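**Student:** What follows is a protein structure lacking sequence information:
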Ligand SMILES: *Cc1c(COP(=O)(O)O)cnc(C)c1O
């Protein structure tokens, strides 16, 4: 069996090659290791291989894992990448460094109000539903500016960029179209908010395409930790 370290190295090589293909610096692209459903021991193995950014989707599962690791591995940066209900904003604002899935004002407001003052502001991304799929969360591209404007008024969260999950099982040409629209929205957002620096897109299957279209953070799960038990995903 290939070790987690080998699979991390392999993912980094894929990122570097994809970056090179479009004359980008691979340092511009961060690798977020998505550890949902995987045990704490896998996270430690990845940590020991040098990985520091981890993504989790499920609040309860994340709480257990983060509490188990927080003291000894205090330089892990935790990213929440799952759907967020308002009754979970408090615990998320306490546990995480980033939230990628902001899709409405109410969630943003609550996160800012509930962020403990002992912690630096929470970094957030607006989730965009680029495929306009009914089953996916996220807002439409033409709604980004108004939500960004609201987030900008909140003291304890910082807008860092956009996040998207491209449609599954579509032709490459359609995927390219979605990613191009996302990249255009990202550039526009950056023009209004110079501190915006993060385009969170790309997963195990499509990281090359995402890097070609301006991704600055790819979220890689199965290519690092192996396949997950079959569970309905968002
Ligand atoms: C599970 C998940 C990933 C990782 O997906 P893989 O295909 O395993 O790389 C990335 N982003 C989000 C939002 C996820 O839920």
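**Tutor:** Nice, thanks for sending it over. This is a predicted model, so every value here is computed, not measured. Numbering: from 1, shown residues only.

**Student:** so where do the strands sit in this protein?
**Tutor:** 30-34, 53-56, 77-80, 98-102, 122-128, 157-164, 198-200, 217-220 (DSSP state E).

**Student:** Nearest approach to residue 182 belongs to which of those?
**Tutor:** strand 157-164 (5.3 Å; C-beta to C-beta). Bear in mind the C-beta positions are built from the backbone N, C-alpha and C, glycine included.

**Student:** Okay, now the sheet partners of that closest one, with direction.
**Tutor:** Under the criterion DSSP bridges, strand 157-164 sits next to strand 122-128 (parallel), strand 198-200 (parallel) in its sheet.

**Student:** How confident is the prediction for the closest residue to the ligand within the chain, by pLDDT?
**Tutor:** Among the residues of the chain, residue 221 lies nearest to the ligand; the distance is 2.7 Å by C-beta to the nearest ligand atom. pLDDT for residue 221: 98.

**Student:** roughly how far apart are it and residue 147?
**Tutor:** Remark: distance between residue 221 and residue 147 (C-beta to C-beta, to the nearest Å) = 27 Å.

**Student:** related to what we said a few turns ago, columns mean neighbour count on top of the strands of the chain, output as TSV?
**Tutor:** Formatted as TSV, the strands of the chain follow (neighbours: other C-beta atoms under 10 Å):
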stretch	mean neighbour count
strand 30-34	22
strand 53-56	23
strand 77-80	22
strand 98-102	25
strand 122-128	25
strand 157-164	24
strand 198-200	26
strand 217-220	25
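
**Student:** got those strands as JSON lines, with distance to residue 62 columns?
**Tutor:** Output for the strands of the chain, formatted as JSON lines (distance: least, C-beta to C-beta, whole Å):
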{"stretch": "strand 30-34", "distance to residue 62": "11"}
{"stretch": "strand 53-56", "distance to residue 62": "4"}
{"stretch": "strand 77-80", "distance to residue 62": "7"}
{"stretch": "strand 98-102", "distance to residue 62": "11"}
{"stretch": "strand 122-128", "distance to residue 62": "14"}
{"stretch": "strand 157-164", "distance to residue 62": "17"}
{"stretch": "strand 198-200", "distance to residue 62": "17"}
{"stretch": "strand 217-220", "distance to residue 62": "14"}
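
**Student:** Near the ligand, which residues of this structure? Just list them.
**Tutor:** Residues of the chain that fall close to the ligand, judged by C-beta under 6 Å from any ligand atom: 34, 36, 57, 81, 165, 203-205, 219-223, 233.

**Student:** Which strands or helices does the lengthiest helix in the chain pack on?
**Tutor:** Ranked by residue count and defined by DSSP state H, the top helix of the chain is helix 172-192. Counting contacts by 3 or more C-beta pairs under 8 Å, 6 or more residues apart in numbering; DSSP states H and E, helix 172-192 packs against helix 144-152, strand 157-164, strand 198-200, helix 207-212.

**Student:** circling back: which among the residues of the chain next to the ligand gets closest to residue 141?
**Tutor:** Lowest distance from residue 141 to the residues of the chain next to the ligand (C-beta to C-beta) belongs to residue 165, with 14.5 Å.

**Student:** How about the closest one: what's its closest non-neighbour residue?
**Tutor:** residue 136 (6.2 Å; C-beta to C-beta, 6 or more residues apart in numbering).

**Student:** Now do that neighbour, the pLDDT please.
**Tutor:** Listed pLDDT for residue 136 reads 79.
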